[in-house]
Each structure stands twice: as structure tokens, then as C-alpha cells.
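Engineer: Sequence and predicted structure are below.
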Amino acid sequence: MGGECLCGLSMNIINVRLQFGNGLAALGYREVVGRDSVVIARLIGEGADGRDILLHEGAFRTRRTLQRTATSIASAVADWPVRASKGTLPSLPKSLQGAREDEGVQRANLPLRLREGLNIVQLLGSLLFIVEEWNVGIIDASVEDVLRDGLESYPVQWLPASPTGDIYADPFGVEDDDGTLHIIFEAYRHDLGRAELVQTTLTPDGVVSDIRPFVDLCYHMSFPFLLKREDGLFCVPETHDFGCVQAFPMTRGQDGFVAGPPEVLLHDTRLTDPIVFAHEGRWWLMGSDAEGLNLFAWHGTSAKGPWTPHKANPIKSDVRAARPAGPVFSIGDKLLRPAQDGSQTYGGAVVINRIMTLTPDHFEEEVYARITPDPNGPYPDGLHSFIPVGRRILIDGKKSKFHPTAFLRRFVSKGN
């Protein structure tokens, strides 16, 4: 688009260009051979005064081969110049200060073909012999304390591990006046090849009840986000496979919460890990794509909708900090959004983003804190949920371990 004036922008831009990584090598080459976890893509505009202006930026996962890396990124950024000309890019234009410090980190540079071969061998080894176990944990500490001191500074009460190896993750909770904590979470069953939603209760003296069913509709359900509306409490889980976003009304039964027939919030939309919150007189619904790369948003005058897509969808493209990891919450005047960092591994860490601008036309946020799993804890290899509930925090944790029949477990799971 060289030589054009992009009238959709708020300043006089006479030229734009895409830049990848350090701009010195083929797209993705440096990142693949150096084992960098992400490739940084930037849309840069040249102002009338000759200054470079950063118009948009994204962080894309580095694939195991150069061809896959280049192809996936090129297709994702192809429309950025057009969106810039129409004024539908989410980032607010800012002066380009140069590369970020973490972009220069490289490790173990090897010839390209050797690196690609090693990456594929590593993948095969992981598929054949490595299993991931997830579990739900409760931290008896405030958000402020954990963000200040780090996760490893506080003891975690973990739920008893599943005797059948099921995955427990994505916990959300409701606290009673007496301190009883009701936890609803995902239970991924390997024999079914999908997850269902279950529940348990933590008493004020720390006793955990048996795990009981909550919702199982014969399709994959996870991330049971809890939404308080004027008409009651609702569960808005991920139902990506079902192709819509649903809200299940919740009532109390004899053995815990009971889910009623759902209402549809968004039709014909495959959204991963949806969250709903109010901000400055509007309701917002956000979620990501399945890869956790792109964040999408809708706004409405009610928590029921109808929902209008954000002008700049997707409002963020960053595998390090796009996919929701819990509800939006506030500390003082700071509006904070937990997100998953999936750049190194699935569910590697949680990034707390501070939302700086959120309107129907613009979105901008910046990293406020990063929370990593306790390396000395029982689940040191991953963390992808951070859910404040009263004076406690719900998390989940991952551990990877060798299993001689890992491939067989995956084969049986996928076959159901």
C-alpha cells in the first residue's frame, strides 16, 4: 500500500509496511532456528514527518517448521493494511520505540533443517510418551497479595486427583456468607474424549465434598464462567463445539447447584472461554478463537444482549495474552483481565492485562502482571486459570509426566 494516504487513520500516514521479527530475515526463520516461542508482526506507518508509527502488533506462535510458521502468519496479517485504511484496527497509533527486549532472546541456533527435524522428533516423543495432568487449587489469599508476592509464596489446597486420570481444570466459584465455597469446573474424561462440568464444595474448615455432576449435554463443555445478572446467577461455559454461546440459569438443589435450560447469547459463533462483564455503562462479551491467538469482543446494553461486534474484531492477536483465563476484575481504579500465555506450551502461565481503553471503536491493554506456576509445587508445568472469589483465588495447575501408553490413551480418547 505504499504511497497511499490511509484516510481511516487519525493522522496523515503516507505509507505502511509489515515487519516481522527483527525485519532482517525471512518470515519466521530467526524464530524457528533460535527456538523463539513467538514471531512478532507489526504494521508500521510512515508519517508525513518521516517518523515511524506503530499501527498494530501481534504475537504469533512459532511452529515447528518454517513453512507452517510463515504460512499461518502471512494469512493472519494479510488484511491488516486494509483494516488500517478503514480504521478497524484495535491498537491506538503510537510512536515506534524499537524492538522489545524479549524479542532479542535466542537459544541454540542450528541450521534450519536440523532444527525442524529436532522439533518434529520432540513432538512425536511428546505424543507417544507424555501425558498432562491438571488439577484445581484454592489459595487462601487476596488478589493483591498474590500479584505482589507470586504464586509460590502461598500454600495451595489442591483437590484430590482423579482416580481415573481425568483432567480437572477451569474452576469458577460462588461463596456463601458463612465462607462455604461452591466450585464448578471442567472434568475432561479420557474415555469420552470430551469434558463435562462438575461441582464440589469447600467448607470453611477446609473439607472438600465429593465431586458431583453439574452439566453434561454430550458435547464438550469447559470454562464454566459464572455471571451474576439481575435475574439470577448463570453459567456461561465454553461450548465451542456446539457453535454458540449459552447461558444456563443456576438454582440451588439438595446436592449443590442445578442448571436449567440454557438461553443463547450468541448464535452461530464458535467462541473459546467466553467472559461477560460491565464497563462504563455497557455490557461486554469477550472470547478467543480455539488457538488462543485472537481475542474478540461484543457489546450491548444488557447482559442478555443483543450483542454488537466490536468495530476492530479481532481486538487483539497475541498468543501470549489473548485467550481469557478468568473474569475481569478491579483493583482500585485498575480494570484487569486475566489471559493465558500459550506461547511456550498450552496453559503455560497467566498474564494479567490492564485494560486501558475499551469502547465500541477502540481497545488497548497492557501487561500488568505475569503469574507462573510454582516450580516446586505438585503442578509445576502449567497454569491457565486465575479466578478471584471473595478473599480466595481459584487456579488450576499442570504437570507433565512420562507414560508408556500415552499414545494409546490419546487414540482411545479421540475415538470417542
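Structural biologist: Received, thanks. Numbers count the residues shown, from 1 in each chain.

Engineer: per-domain residue ranges of the protein.
Structural biologist: The record's domain split for the chain, according to automatic domain parsing, is 13-109, 133-401.

Engineer: Ile211 against Gln199, yeah?
Structural biologist: Yes: with contact defined as C-beta atoms under 8 Å, Ile211 counts as touching Gln199 (7.3 Å). In this view, the C-beta of every residue, glycine as well, is placed from N, C-alpha and C.

Engineer: quick revisit: dump the domains of the chain to CSV, plus mean pLDDT, distance to Val121 and mean neighbour count.
Structural biologist: Rendered in CSV, the data for those read as follows (pLDDT from 0 to 100; distance: least, C-beta to C-beta, whole Å; neighbours: other C-beta atoms under 10 Å):
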stretch, mean pLDDT, distance to Val121, mean neighbour count
domain 13-109, 80, 10, 17
domain 133-401, 95, 17, 19
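
Engineer: Tell me which of those lies nearest to Leu118.
Structural biologist: Leu118 sits nearest to domain 13-109 of all those, at 9.1 Å, using C-beta to C-beta.

Engineer: gap between that closest one and the chain center?
Structural biologist: Centre-to-centre, domain 13-109 and its host chain are 21 Å apart (C-alpha atoms, centre = their mean, to the nearest Å).

Engineer: ranges for the helices of the stretch 101-250 of the chain?
Structural biologist: 112-129, 143-149 (DSSP state H, counting those that start in this stretch).

Engineer: Could you check the longest one and say which residues are buried?
Structural biologist: Neighbour-count burial for helix 112-129 flags 115-116, 119 (criterion: 16 or more other C-beta atoms under 10 Å).

Engineer: middle-most residue in this structure, spatially?
Structural biologist: A centroid search over the chain (C-alpha atoms, centre = their mean) returns Arg323, at 2.0 Å, as the residue closest to the centre.

Engineer: Pull the contacting residues for it.
Structural biologist: By C-beta atoms under 8 Å, 6 or more residues apart in numbering, the residues touching Arg323 are 272-273, 288, 292, 295, 339-340, 342.

Engineer: List the ones among those that fall in strands.
Structural biologist: Applying DSSP state E to the contacts of Arg323, the entries found in strands are 272-273, 288, 295, 339-340.

Engineer: Look up the closest residue to Ser222, ignoring the ones flanking it.
Structural biologist: Of all residues not flanking Ser222 in the chain, Glu186 sits nearest, at 4.1 Å (C-beta to C-beta, 6 or more residues apart in numbering).

Engineer: what about the one helix or strand Ile387 maps to, distance to the chain center?
Structural biologist: In the assignment (DSSP states H and E), Ile387 maps to strand 386-389. Strand 386-389 has its average C-alpha position 15 Å from the chain's average C-alpha position, going by C-alpha atoms, centre = their mean.

Engineer: what's next to stretch 218-238, contact-wise?
Structural biologist: 169-170, 172-174, 184-186, 188, 194-197, 214-215, 239-242, 245-251, 259, 265, 271-276, 287, 303-304, 324, 327.

Engineer: mind listing which of these are in strands?
Structural biologist: 169-170, 172-174, 184-186, 188, 194-197, 214-215, 245-251, 259, 265, 272-276, 287.

Engineer: and Gly58, helix, strand or coil?
Structural biologist: Using DSSP: H, G, I helix; E, B strand; the rest coil, the three-state assignment for Gly58 comes out as strand.

Engineer: Now do Gln199 against Gly253, distance only.
Structural biologist: Applying C-beta to C-beta, to the nearest Å, one obtains 10 Å for the distance of Gln199 from Gly253.

Engineer: Also Thr269?
Structural biologist: Relative to Gly253, Thr269 is positioned 30 Å away (C-beta to C-beta).

Engineer: got it, and Arg30?
Structural biologist: 57 Å.

Engineer: now do Glu46
Structural biologist: With C-beta to C-beta as the criterion, Glu46 and Gly253 are 63 Å apart.

Engineer: and what of Glu291?
Structural biologist: As for Glu291, its distance to Gly253 is 37 Å (criterion: C-beta to C-beta).

Engineer: For beta bridges, what are the partners of the closest residue to Gly260 other than its chain neighbours?
Structural biologist: Counting by C-beta to C-beta, 6+ apart, Pro249 is the residue found nearest to Gly260 once chain neighbours are left out, at 4.2 Å. With DSSP bridges as the criterion, Pro249 is bridged to Phe234.
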